[in-house]
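J.: Starting from these lines, generate the structure:
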Amino acid sequence: MAISRRHFLRNAGAVTIGFSGLHTFVGCSPSSRLTKSGPAGYGSLRPDPNGILDLPEGFSYTLVSRTGERMNDGYFVPSSHDGMAAFPGPGNRTILVRNHEISAGASPGSGPFGNNNGLMRQLNRTHLYDAGSNGTPCLGGTTTLVYNTQSQQLESHHLSLAGTLRNCAGGPTPWNTWVTCEETVDRAGDALSEDHGYNFEVPVSDQPGLATPVALKAMGRFNHEAIAVDPASGIVYETEDRGDGLIYRFIPHVPGKLAEGGRLQALSITGTPSMDTRNWESQLVETGHELDVSWIDVEDVTSMDDDLRIRGFEKGAARFARGEGMWYGDGTIFFACTNGGRERKGQIWKYTPSAQEGKTEEQNDPGRLELFVEPNDSNLVENADNLTISPWGDLIVCEDGPGDQNLVGITPDGSLYRFGHNSMNNSEFAGATFSPDGSTFFVNIQSPGFTVAITGPWEG
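T.: Reported below is the predicted structural model:
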């Protein structure tokens, strides 16, 4: 079948640089595009004798952290490992901040406080966002891990945010914090004492301690998934995990001070208001074609009706198919729409902000949106979720489909290769991120809740 191609430009520098382009393709055959060997000759996956994670020859993993382990602060590692990012620590250390996607009503054993939530008594309640209306707290939140990439050992881990729900993905900020996102719009009442559906900011520290849980309400109340920050402007971009979701941007009043408020807007395609980018019924958006973008103000951003996406679409915002993973690299924002495309196997998009992003002048120099990947073939990549950019420029994608789960790489020349396979179960991969020194790739298997560190002969 025909393959739509586009020249690829990349900057294979530091982890945060990533790439600025990517081949695109629609409906391409597995034989022509899926390879068993990546650009560094990674080769076929080798069966893991431990039955956890299959990797290419020369690569190995260390099981860093698993659900139920006792942490250095006395709490337990919660379940449902999800989004994650790596930050530089002292010496050879990498600091990881990790989400836990635990829903309301989950059993106490899935959270950090033990089978009967007995460890809550050692917690200062000001550090618990929602203690519950019946004495049963919300068990989601984040944990922080300190990992030595030279010795490949975990040195410490601790609870860093408590009392939130379904902390799915999020994203790192240039000012060295992690923004964690609640993928729920549960309201206070019955078992909950607080409304949910917000983002929270977690400081990055190698020292045990809990963040003060401040709901970043100006960033909107909706089914959050991930964020990415453009360091040039301080603007935060947000995905919404709904089949009819929007893509948002938050312009803070003070860059780097999200709690001080700002303006929330939704992405619109210039000249095509209320565009349906999902390509479910027809191919409205072709790969490789750039679309000029404008932004629409969103009102009543903390609405209890879960209707931001509905009101935004009526005003002209574009509709997307389950926006999930999002990552910044080299002046561009990449994000995945898990159910996009004719076969609903997923899409990957690229947004290039305007040089005047967020300013009045951007009307004459708009940002641009491009559909990069829409394979429509589960043999290529199935339901892309979390994603990250490698130090050498490949996009690394976590699958979250109905069957086997893989880590899929997309090279600068457009080839896809399988880098990892969950040989333990059909649980999704999540939280893909590279250490700042580029030596170690971290990823989670959500259930039963494993974090692994992968090393090997990386490209470059």
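
J.: Excluding chain neighbours, what is closest to Ala432?
T.: Thr388 (4.4 Å; Cβ to Cβ, 6 or more residues apart in numbering). From N, CA and C alone the C-beta is placed, and that goes for glycine too.

J.: Just to check, that neighbour is in contact with Ser435?
T.: No - with contacts counted by Cβ atoms under 8 Å, Thr388 stays clear of Ser435, the gap being 11.5 Å.

J.: Kindly confirm my reading that Met120 is in a strand.
T.: No - remark: Met120 does not belong to a strand; assigned using DSSP: H, G, I helix; E, B strand; the rest coil, it is helix.

J.: What number of residues are in the vicinity of the nearest residue to Pro78 once chain neighbours are set aside?
T.: Sequence neighbours aside, His100 is the residue nearest to Pro78 in space, at 4.1 Å (criterion: Cβ to Cβ, 6+ apart). A count of nearby residues for His100, using other Cβ atoms under 10 Å, gives 33.

J.: likewise Ser268?
T.: Other residues near Ser268 come to 24 when the count uses other Cβ under 10 Å.

J.: How about Gly58?
T.: Here the count is done by other Cβ under 10 Å, and Gly58 has 14 residues near it.

J.: Identify the residues contacting it.
T.: Contacts of Gly58 were listed using Cβ atoms under 8 Å, 6 or more residues apart in numbering, and they are 42, 456-457.

J.: Mind checking which of these are buried?
T.: For the contacts of Gly58, a neighbour count by 16 or more other Cβ atoms under 10 Å gives the buried set as 42, 456.

J.: could you pull out the helices for the stretch 251-400 of the chain?
T.: In order along the chain, the stretch 251-400 of the chain carries the following helices (DSSP state H, counting those that start in this stretch): 308-315.

J.: the strands in it, which residues?
T.: Along the stretch 251-400 of the chain, counting by DSSP state E, counting those that start in this stretch, strands occupy 262-269, 290-297, 323-329, 332-337, 347-352, 368-374, 384-389, 395-399.

J.: just the stretch 51-200 of the chain next, same as before
T.: Using DSSP E, counting those that start in this stretch, strands in the stretch 51-200 of the chain cover 53-56, 60-66, 81-88, 93-100, 140-148, 153-164, 167-172, 177-182, 199-203.

J.: Neighbours of Thr360, how many?
T.: For Thr360, the count of nearby residues is 7 (other Cβ under 10 Å).

J.: Can you check the pLDDT for the residue nearest to Ala432?
T.: The model reports Thr388 with a pLDDT of 96.

J.: how near is it to Ala104?
T.: Distance, Thr388 to Ala104, by Cβ to Cβ, to the nearest Å: 29 Å.

J.: Also Asn364?
T.: Relative to Ala104, and taking Cβ to Cβ, Asn364 is found at 47 Å.

J.: And for Asp292?
T.: For Asp292, the distance to Ala104 equals 41 Å [Cβ to Cβ].

J.: tell me the contacts of the most centrally placed residue in the chain?
T.: The centre of the chain sits closest to Gly325, judged by Cα atoms, centre = their mean, with a distance of 3.6 Å. Taking Cβ under 8 Å, 6+ apart as the contact definition, Gly325 lies against 83, 169, 225-226, 239, 335-336, 384-388, 397-398.

J.: Go again with 6 Å.
T.: When contacts are counted by Cβ atoms under 6 Å, 6 or more residues apart in numbering, Gly325 is found next to 226, 336, 385-387.

J.: Could I get these in JSON lines, plus columns for neighbour count?
T.: Output for the contacts of Gly325, formatted as JSON lines (neighbours: other Cβ atoms under 10 Å):
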{"residue": "Ala226", "neighbour count": "28"}
{"residue": "Ala336", "neighbour count": "30"}
{"residue": "Asp385", "neighbour count": "28"}
{"residue": "Asn386", "neighbour count": "29"}
{"residue": "Leu387", "neighbour count": "22"}
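
J.: which of those lies closest to Gln405?
T.: Gln405 has its nearest neighbour among the contacts of Gly325 in Asp385, at 9.5 Å by Cβ to Cβ.

J.: was I right about the closest one contacting Asp400?
T.: Yes - counting by Cβ atoms under 6 Å, Asp385 sits close enough to Asp400 to count as a contact (3.9 Å).

J.: what residue ranges in the protein score low on pLDDT?
T.: Residues of the chain meeting the criterion pLDDT under 70: 1-41, 412-414, 460.

J.: thinking again about what came up before, common neighbours of Thr388 and Ser435, please.
T.: Here Thr388 and Ser435 have no joint contacts, going by Cβ under 6 Å, 6+ apart.

J.: Which residue is the nearest non-sequential neighbour of Ser160?
T.: Thr144 (4.3 Å).

J.: and that neighbour, bridged to which residues?
T.: Val97, His158 (DSSP bridges).

J.: need the contact list for it.
T.: With Cβ under 6 Å, 6+ apart, Thr144 has these contacts: 97, 158, 160.

J.: Equivalent analysis for Ala259, please.
T.: Applying Cβ under 6 Å, 6+ apart, the residues near Ala259 are Val214.

J.: One more pass at 10 Å, please.
T.: The neighbourhood of Ala259, defined by Cβ atoms under 10 Å, 6 or more residues apart in numbering, consists of 200-201, 212, 214-219, 252.

J.: Compare the residues you listed and tell me which is most surrounded.
T.: Neighbour counts for these peak at Met219, which has 28 neighbours (criterion: other Cβ under 10 Å).

J.: Was I right to think it contacts Ile235?
T.: No - counting by Cβ atoms under 10 Å, Met219 does not reach Ile235; the two are 11.4 Å apart.

J.: Find residues that contact each of the two.
T.: Jointly contacting Met219 and Ile235 under the rule Cβ under 10 Å, 6+ apart are 249-250, 252, 262.

J.: Let me know the closest of those residues to Pro208.
T.: Set against Pro208, the nearest of the shared contacts of Met219 and Ile235 by Cβ to Cβ is Pro252 (28.8 Å).

J.: Next, work out how far apart the closest residue to the closest one other than its chain neighbours and His253 are.
T.: By the measure of Cβ to Cβ, 6+ apart, the closest residue to Pro252 outside its immediate chain neighbours is Gly262, 3.9 Å from it. Note on Gly262: its distance to His253, by Cβ to Cβ, is 5 Å.

J.: So which of these two has more stuff around it?
T.: Summary of the neighbour comparison: Gly262 and His253, criterion other Cβ under 10 Å, with Gly262 having more neighbours (23 against 11).

J.: ok, so what distance separates the more buried one from Pro255?
T.: Spatial separation of Gly262 from Pro255 under the definition Cβ to Cβ is 9 Å.

J.: Common neighbours of these two, please.
T.: Taking Cβ under 10 Å, 6+ apart as the contact criterion, the common neighbours of Gly262 and Pro255 are 234-236, 358.
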